[in-house]
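pasting the structure only:
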């Protein structure tokens, strides 16, 4: 079961994948992403190059989360268009649940991003999540690292916003944008559910719907209730209208043909958060990202080990024949 | 850092905690729960007794999840009342996020359960989750095991229904009840987000609101779209009105004074799922529960190890000085 050593896949008269990746070749990037997604060891030297390059010129790695129906994809689309207008190169990683129910519907949203397809300054990649509610994997982290290393100014991670990926996004990125809507008391619910704690910036999207101003006020007020001092970052709350999506038309609004609004404010809020973090804060975020990646790898290895060696272990615990603690010790080996 | 051995805390002329727990003494149960929540080794012999007793007479361990605002707590309350009417003993474990924002609001819901306070056939315990979006811990699992071992016919785990606890609930219980509402297109959203996959039974709560029948139809139709054969369980979709909660009054309904409806159907649906599982299916669920508990313990130990030995490890990965893979190997030790 040992993986093969990384080997050069081209003849020595051609530039190596590594040097092509280093020079920003998009086809080399695609190849590197494929290797990383497959978990192949050939990705490792490319990841090393990517991390070196990112250390010299870090990208802005922005995670976007929010419940299904909040208009995340449309907002991401508007963000791409805005950032391109500023001359920024943008990569988007969209994590989709690999669900028999939802796969189609969510991938459908992605199709809108195709309008950027001919633009070499935009790179979009869809990744399947581990199961419908699964979290982000170490491979997602490596895809982000490769895109950052390839010199994109912004690397945007868009998650489905339920289950574990909702939690993981804050550990995987420099900044987290939470997308809510006025409808359904989203503000109050985010507040009740504690989800606000991962938000560095909040968008109240579909802000042409009734109740937007009340939602903004609630979100601002809620943050004042938490423990805070003069160093506390209060997530800016920005009203946005990202486009006249299908969801809006269903709800009876006349938003058709609207230009996106509030996007510049959103970009400014993310940049303000980056300034607030400072060098030390950003290093802290990046250490947290590395921790998340390493811990994901550790879990993958342990899972493999559990599968290989302990088919019966869990059943014995279930029958009360073995302590859960003793089983945990057995899995970790004696010297841990 | 070694923990003390479990020691008898009473004189030999008094019955031991273990024997009192075995005989169903509620004060001994409370003490056992406190020991388990604190992660003390003194809980281990009690857990062994609980698992033996549960193996002889298993309880119905039901997880309840659903987004904040779906009325989970009110529904749980109605379930308790109904099950008590059938002479069943019921224990409820409510997992609350330990969030500075949400703590108060959610704990407020719990107060309603106090009306069962004087009833010895009802036992309610609140547990803090690990952070606002944290999942269920091994300790939550041990609390469930102790309650089951103490002879409760139903052990209900109510989660906040966001982030990781939403994912974990299906791994922690025999049956999972997903609570949705007609408002806000919950049906479509659950469908889109893949959350339906963890549901064994679905309640469309607040079914006196407009759109309930459409939501039921969508949820039934969505399940037909997934891959299935003659053994596939389709989650029954039950309309419920659990009570005239505050949320409903805000939405302008005249639900005040309504008796709960649909609760008997909900109980019947859970029992039908238990029959569908059969002995082999239930063993499978219980093995999955044990696996979840053991894996949670493994993660706790690894976290501790990472904290103790590798303060700098993640920072080195972040700086690109060390492979994430090499760091994972270092954490797991060489022989794994």
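All right, it came through fine. Computed from a predicted model, the values in this text were never measured in an experiment.

from here on, just use CA atoms for contacts and neighbour counts.
Noted.

measure residue A:327 to chain B for me?
6 Å (C-alpha to the nearest C-alpha, to the nearest Å).

can you pull the buried residues of the one helix or strand that residue maps to?
Assigned by DSSP states H and E, residue A:327 falls within helix A:324-332. Of the residues in helix A:324-332, A:324, A:325, A:327, A:328, A:329, A:331, A:332 count as buried by neighbour count, 16 or more other C-alpha atoms under 10 Å in any protein chain shown.

ok, the first one touching residue B:296?
I take that to be residue A:324. No: Residue A:324 is not in contact with residue B:296 according to C-alpha atoms under 8 Å; the separation is 9.7 Å.

hmm, back to that, now the buried residues of helix A:324-332 as TSV including distance to residue A:92?
Output for those, formatted as TSV (distance: C-alpha to C-alpha, whole Å):
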residue	distance to residue A:92
A:324	42
A:325	42
A:327	41
A:328	39
A:329	41
A:331	38
A:332	37
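
and residue A:240, what are its phi and psi?
Dihedral angles of residue A:240 (phi, psi; degrees, to the nearest 10) stand at phi -130, psi 150.

where does chain A have low pLDDT?
Scanning chain A for pLDDT under 70 picks out A:1-13, A:97-118, A:129-134, A:161-163, A:183-194, A:244-258, A:306-311, A:334-336.

just the helices in it please.
A:17-22, A:26-37, A:43-56, A:72-85, A:103-110, A:138-149, A:163-172, A:186-193, A:212-225, A:246-250, A:263-309, A:313-318, A:324-332 (DSSP state H).

give me the contacts around the third one.
Looking back up the chat, that one is helix A:43-56. With C-alpha atoms under 8 Å, 6 or more residues apart in numbering or on different chains as the test, helix A:43-56 has contacts from A:18, A:21-22, A:32-33, A:35-36, A:142, A:145-151, B:318-320, B:323.

between the buried residues of helix A:324-332, which is closest to residue B:278?
Proximity of the buried residues of helix A:324-332 to residue B:278 (C-alpha to C-alpha) peaks at residue A:324, which lies at 24.7 Å.

okay, now the spatially closest residue to that closest one that is not a sequence neighbour: neighbour count?
Closest residue in space to residue A:324, ignoring its immediate chain neighbours: residue B:294 at 5.3 Å, by C-alpha to C-alpha, 6 or more residues apart in numbering or on different chains. Neighbour count of residue B:294, defined by other C-alpha atoms under 10 Å in any protein chain shown: 25.

just residue A:58 next, same as before
17.

same thing with residue A:15?
Residue A:15, neighbours per other C-alpha under 10 Å, totals 11.

residue contacts, it?
Counting by C-alpha under 8 Å, 6+ apart, residue A:15 has no contacts.

measure residue A:141 to residue A:135 for me?
Distance of residue A:141 to residue A:135, computed by C-alpha to C-alpha, to the nearest Å: 11 Å.

settle it for me: which of these two has more neighbours?
Taking neighbours as other C-alpha under 10 Å, residue A:141 and residue A:135 compare with residue A:135 leading, 26 against 22.

touching, that one and residue A:164? I think so.
Yes: counting by C-alpha under 8 Å, residue A:164 is a contact partner of residue A:135 at 4.5 Å.

give the residues shared as contacts by these two.
Shared contacts of residue A:135 and residue A:164 (C-alpha under 8 Å, 6+ apart): none.

could I get the contacting residues of the residue nearest to residue A:324?
Counting by C-alpha under 8 Å, 6+ apart, residue B:294 touches A:314, A:324, A:325, A:327, A:328, B:138.

repeat that with 7 Å
Residue B:294 makes contacts with A:324, A:325, A:327, A:328, as judged by C-alpha atoms under 7 Å, 6 or more residues apart in numbering or on different chains.
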